[in-house]
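*Asks:* output the structure for:
(one chain, ligands or ions: 1)
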Amino acid sequence: MNTYDHRLSKYYDLIYSSKAYKKEADFILKHCPNRNSLIDIGCGTCNHSLILSEHFNTILGLDESLPMLMRAKQKTDHLPNVALTNEKIETVKGRFSCAISMFNVINHIHTIEQLSLFFETANTALIADGVFIFDCWNGVSCIIDPPKLHEKREIHIDNMHIICDYYSNTDIFNSTCEMKNEISIKKGDTVVENIQYELKHTLWTPKIITNLLLDNGFESPDIYAYFTKEKAVASTSRITFVVKKK
Ligand SMILES: C[S@@+](CC[C@H](N)C(=O)[O-])C[C@H]1O[C@@H](n2cnc3c(N)ncnc32)[C@H](O)[C@@H]1O
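*Replies:* Okay, the predicted model is just below:
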């Protein structure tokens with residue numbers, strides 16, 4: 001079953017409405033001086049591409065979830081420079097000056113072979129000197145300080161009240177964090193939807209990611225603390241990679 005199904009995609013933007021998409025887009029712009037063409041791998045509902053469409057000549061949003069792409073289409077239909085695809089990245093034709101893969105997409109990949117293939121295909125999609133930017137969990141920080149067993153977040157938007165309970169089961173030995181998320185959406189006092197979804201994240205370490213990038217035609221990456229200009233350290237929980245194709 002695809003986690004990013006119709007029900008989750010319908011409420012995805014509400015659930016993540018406090019995410020700093022604008023700050024993340026500004027970070028991408030800072031590191032992508034060549035604004036010719038961008039591929040957004042795992043674009044979801046296209047929140048980054050929507051902002052970046054004002055700055056890039058063309059954007060291709062790619063996602064394996066059709067329901068997420070359908071939400072993305074509703075939001076980008078009026079933009080002539082944004083196209084969407086459900087193709088596998090290996091089959092995408094064209095060369096891009098920038099590739100992004102945002103919000104832990106690489107943690108959705110669970111084997112070294114698949115992660116290596118992912119980097120190889122991202123590399124092939126780029127022009128020489130093209131820039132690849134992605135963010136992920138820092139597997140090392142999760143060993144030092146594993147994700148909390150339970151986190152609760154409440155969001156109030158208009159007359160909607162969204163209650164998110166995130167339950168994490170971290171298996172350090174196998175480098176995974178399995179999350180069970182329960183979302184309750186209320187209008188006034190009435191519950192309009194209850195959504196449960198499960199997410200498995202593989203907790204890749206910066207060293208493994210770096211080695212795989214080097215193996216697949218990239219230069220040595222810069223690794224930042226989550227969309228800041230600070231370099232990441234072992235305890236930085238979320239990290240952002242900026243890396244150039246050789
Ligand atoms: C957490 S969401 C992030 C969506 C969007 N990038 C954002 O920042 O809001 C992860 C997305 O990655 C997509 N995804 C995961 N693995 C993928 C893969 N190998 N190829 C394409 N899409 C993928 C999922 O379908 C989902 O839409």
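
*Asks:* report the closest residue of this protein relative to the ligand.
*Replies:* Gly44 (2.5 Å; Cβ to the nearest ligand atom). C-beta coordinates here come from the backbone N, C-alpha and C atoms, glycine included.

*Asks:* what are the ranges of the helices in the chain?
*Replies:* Under the criterion DSSP state H, helices of the chain are mapped to 6-15, 21-31, 47-52, 66-76, 112-125, 139-144, 206-215.

*Asks:* in CSV: those helices, plus mean neighbour count.
*Replies:* Shown next, in CSV, are the helices of the chain (neighbours: other Cβ atoms under 10 Å):
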stretch, mean neighbour count
helix 6-15, 17
helix 21-31, 17
helix 47-52, 22
helix 66-76, 18
helix 112-125, 18
helix 139-144, 18
helix 206-215, 17
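
*Asks:* any idea how far Gln196 is from the nearest residue to Asn2 once chain neighbours are set aside?
*Replies:* Closest residue in space to Asn2, ignoring its immediate chain neighbours: Ser65 at 5.5 Å, by Cβ to Cβ, 6 or more residues apart in numbering. The gap separating Ser65 from Gln196 is 17 Å, by Cβ to Cβ, to the nearest Å.

*Asks:* who has more neighbours, the two?
*Replies:* The neighbour comparison of Ser65 against Gln196 (other Cβ atoms under 10 Å) goes to Ser65, with 22 against 12.

*Asks:* contacting residues around the more buried one?
*Replies:* By Cβ atoms under 8 Å, 6 or more residues apart in numbering, Ser65 lies in contact with Asn2, Tyr4, Asp5, Ser9, Gly44.

*Asks:* quick one, which of the residues you listed are buried?
*Replies:* Of the members of these, the ones counted as buried by neighbours, 16 or more other Cβ atoms under 10 Å, are Tyr4, Ser9, Gly44.

*Asks:* pick the one among those residues closest to His161.
*Replies:* Nearest to His161 among these: Ser9, at 20.2 Å, using Cβ to Cβ.

*Asks:* hmm, the closest one is touching Asp63, no?
*Replies:* No: Ser9 is not in contact with Asp63 according to Cβ atoms under 8 Å; the separation is 9.8 Å.
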